[in-house]
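**Student:** any chance you can model this:
(2 chains)
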Amino acid sequence: MSKVDLSVSIGKLKLKNPVLLASGTVGYGNEISNFTDLSKIGAIVTKSISLNPRKGNPPQRIVETPSGMLNAIGLANVGLDVFIKEKIPFLEEVNSSVICNIAASSIEEYVQCTQALNDRDVIKAFEINVSCPNVKEGGLIFGNDLKAVGKITKKVRAATDKPVIIKLSPNTASISDFAKVVKDEGGDAVSAINTLVGTAFDIYSRKPKIKNVTGGLSGPAIKPVALAKVLEISRTVDIPIIGIGGIMNWKDAVEFLIAGASAFQIGTVNFINPNAGLEILEGLENYCKEMSIYNLSELTASYKI
Amino acid sequence: MQINITQVESNIQIGKNTYLIKVYAPVLASEIKPGQFCNIKVSDTSYPLLRRPFSICDVEGDFIFFMFDVHGEGTKILAEKKKGDKLDILGPLGNGFTLDGDFQIAVIVAGGIGVAPFPYFIRLLKNKKNVISYLGGKSKDNVITYGIGSTIISTDDGSEGYKGTVIDLLENEKEKFAVGRIKIFGCGPNPMLRSLREFCIINNLECEVSTEAAMACGFGICQGCPVSSSEKDKYHLVCKDGPVFNIKDIEL
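**Tutor:** All right, here's what the predicted structure looks like:
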């Protein structure tokens, strides 16, 4: 039986396989490398980097909900300088493909971060976070505004030759409008979806379980929503999609590919099984063999509706 | 630090709401230190979704023990595990207590299920140092003495031992143990640890505490378990920088 070609192209970004580890669920790679071989993963997407370090939100930051979890970490990160000095060398050493996720509270900050990281070979693409639900500045203020997303895409596009991926929010009326703006302004791909805004209360104290009051819902609970968003983009906009949302195993991943994704990111599952990426890769390869699929791209948007 | 597929040897109820589970886990047993913890997946399904963190309670040969109160859905499922059941355990995690040092007496201060990390601690320390244990609880049903040996007890309602908090008890007894070089080792709910911090600062006593927080991964990637540092504008992560801290380094 001939070998399955699992490599994927996301615009001009070429990756050895479609398994990406989602931003905010792998730090900068060092901790999870105790459990998994990062050189075999398609790419890891870094914890959001901002120009200056961010302390993050006060506790309690996370709570489990039915088949999911709410988080309000608040983009806690080491900042651009420490990322360059201390985190990039490790990522180079483990021979990992890195997509650098950038969060910012102004359009200038997105551009500044992108420019500062543009000459790093280990960074294969930028993922621009315009959809964090847990910070006041930046995040959803941009992610809910078509003009802002368009402008950010255009300015970041102009600041780098590397592929630019915009991570979209599901907390909008029409996600495909945003995907269209990204395409029109020169973005290479979209990641869909970021977390859904949610909350939970303690019924005895009547206080929110998350100090930030609301958090971002992730995990298997959001998979059907995420699939519908990926499908919506796939049917209306001609742009590569990286599917995200509640993938726990290879079957979930295949669904995202069928719904229109060229690659996918796994997030919450990394907290439970930090080797899930490689297990999903193996399951995906077996599925392709079983289904006589020799090139993974045959699966993308292969839905029969 | 790895995922260990282990097997339950026994699971017994040792208090009104408290269980002790014994697990065959040779690798963990050989690696884990007192004060470290494990993150346990209690089911094969996505309910509950996340692992649950538990301090190592004791180690005997190839077996490890966890002590837990039934508190929510995760611990309820764990309480139902029987001999022969598989258990997916991620560990060992965190830093653990500092057993070396020039102290002569280890003073244990534990509230409720905060006693959980100390049986193993005492097992390793008892031939080298003197150990005095102060245990507190709301009521006598909440005071677990398993694996501690001789104890001095306080209860909020006075149903056993001294009536009051364990820190009030400590204050009353401080002349008794303040004769040699001592170090306090604490674990319990945050209000107790706050009082303990104050007590240790006022009396200039060295103290390590094991903290707890809601967490997802247990090894530093989710950033879900911050505890305020005593340095301005800084958090530590309970899972990776702790769970054991010098009590002066954190604000609770």
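**Student:** can you list the residues of the stretch 51-200 of chain A near chain B?
**Tutor:** A:55-56, A:58-64, A:66-69, A:71, A:73, A:76 (C-beta under 8 Å from any C-beta of the partner chain). Every C-beta, even on glycine, is put in place using the N, C-alpha and C of the backbone.
**Student:** out of the residues you listed, which end up buried?
**Tutor:** Among those, those classed as buried by 16 or more other C-beta atoms under 10 Å in any protein chain shown are A:56, A:59-64, A:67-69, A:71, A:73, A:76.
**Student:** closest one of these to residue B:122?
**Tutor:** residue A:59 (30.3 Å; C-beta to C-beta).
**Student:** now do the same for the closest one: its pLDDT.
**Tutor:** In this model, residue A:59 is scored at 95, pLDDT.
**Student:** then residue B:233?
**Tutor:** On the pLDDT scale, residue B:233 gets 89.
**Student:** burial measure for the residue in the stretch 51-200 of chain B positioned nearest to chain A, as a count.
**Tutor:** Relative to chain A, the nearest point of the stretch 51-200 of chain B is residue B:51 (6.1 Å; C-beta to the nearest C-beta). By other C-beta atoms under 10 Å in any protein chain shown, the residues close to residue B:51 number 23.
**Student:** hang on, it packs against residue B:43?
**Tutor:** No - the criterion here is C-beta atoms under 8 Å, and residue B:51 misses it with residue B:43 at 10.3 Å.
**Student:** mind listing what's buried in stretch A:171-191?
**Tutor:** Neighbour count says stretch A:171-191 has A:171-172, A:175-176, A:178-183, A:185, A:187-191 buried, by 16+ other C-beta under 10 Å.
**Student:** what's the most distant pair in the residues you listed?
**Tutor:** Spatial extent of those (C-beta to C-beta) is set by the pair A:171 and A:188 at 23.2 Å.
**Student:** need the contact list for the closest residue to chain B within the stretch 151-300 of chain A.
**Tutor:** In the stretch 151-300 of chain A, the residue that lies nearest chain B is residue A:271 (4.0 Å; C-beta to the nearest C-beta). If a contact means C-beta atoms under 8 Å, 6 or more residues apart in numbering or on different chains, then residue A:271 has A:25, B:50-51, B:216-217, B:221-222 as its contacts.
**Student:** in helices, which of those fall?
**Tutor:** In helices, judged by DSSP state H, none of the contacts of residue A:271 are found.
**Student:** could the residues you listed go into a markdown table alongside distance to residue B:85 and pLDDT?
**Tutor:** What follows is the contacts of residue A:271, written out as a markdown table (distance: C-beta to C-beta, whole Å; pLDDT from 0 to 100):
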| residue | distance to residue B:85 | pLDDT |
| --- | --- | --- |
| A:25 | 29 | 96 |
| B:50 | 19 | 97 |
| B:51 | 16 | 97 |
| B:216 | 24 | 97 |
| B:217 | 24 | 97 |
| B:221 | 28 | 95 |
| B:222 | 27 | 96 |
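**Student:** got a markdown table for those, with distance to residue A:214 too?
**Tutor:** Formatted as a markdown table, the contacts of residue A:271 follow (distance: C-beta to C-beta, whole Å):
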| residue | distance to residue A:214 |
| --- | --- |
| A:25 | 19 |
| B:50 | 19 |
| B:51 | 24 |
| B:216 | 18 |
| B:217 | 22 |
| B:221 | 22 |
| B:222 | 18 |
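**Student:** between those residues, which sits nearest residue B:101?
**Tutor:** Nearest to residue B:101 out of the contacts of residue A:271 is residue B:217 (C-beta to C-beta; 30.6 Å).
**Student:** dihedrals phi and psi, the closest one?
**Tutor:** phi -80, psi -50 (degrees, to the nearest 10).
**Student:** so what's it closest to, chain neighbours aside?
**Tutor:** Nearest residue to residue B:217, sequence neighbours excluded (C-beta to C-beta, 6 or more residues apart in numbering or on different chains): residue A:271, at 4.0 Å.
**Student:** tell me which element that neighbour falls in.
**Tutor:** Per DSSP states H and E, residue A:271 falls inside helix A:268-272.
**Student:** can you tell me what sits against the helix or strand that comes right after that helix?
**Tutor:** Going down the chain from helix A:268-272, the next helix or strand is helix A:276-290, by DSSP H and E. Contact with helix A:276-290 is made by A:1, A:4, A:6, A:17-19, A:21, A:36-37, A:40-41, A:247-251, A:253-254, A:266, A:269-270, A:273, A:293-294, A:296, A:299, as judged by C-beta under 8 Å, 6+ apart.
**Student:** which one is residue A:188 nearest to, not counting chain neighbours?
**Tutor:** Closest to residue A:188 by C-beta to C-beta, 6+ apart is residue A:11, at 3.4 Å.
**Student:** how many other residues sit next to that neighbour?
**Tutor:** 15.
**Student:** and it, how far from residue A:125?
**Tutor:** Per C-beta to C-beta, to the nearest Å, residue A:11 is found 9 Å from residue A:125.
**Student:** residues that sit against both of those two, list them.
**Tutor:** By C-beta under 8 Å, 6+ apart, the residues touching both residue A:11 and residue A:125 are A:163, A:188.
**Student:** if I look at the residue of the stretch 151-300 of chain A closest to chain B, how far off is residue B:136?
**Tutor:** 33 Å.
**Student:** just confirm residue B:166 contacts residue B:109, I think it does.
**Tutor:** Yes - applying C-beta under 8 Å as the test, residue B:166 and residue B:109 come out as touching, 5.9 Å apart.
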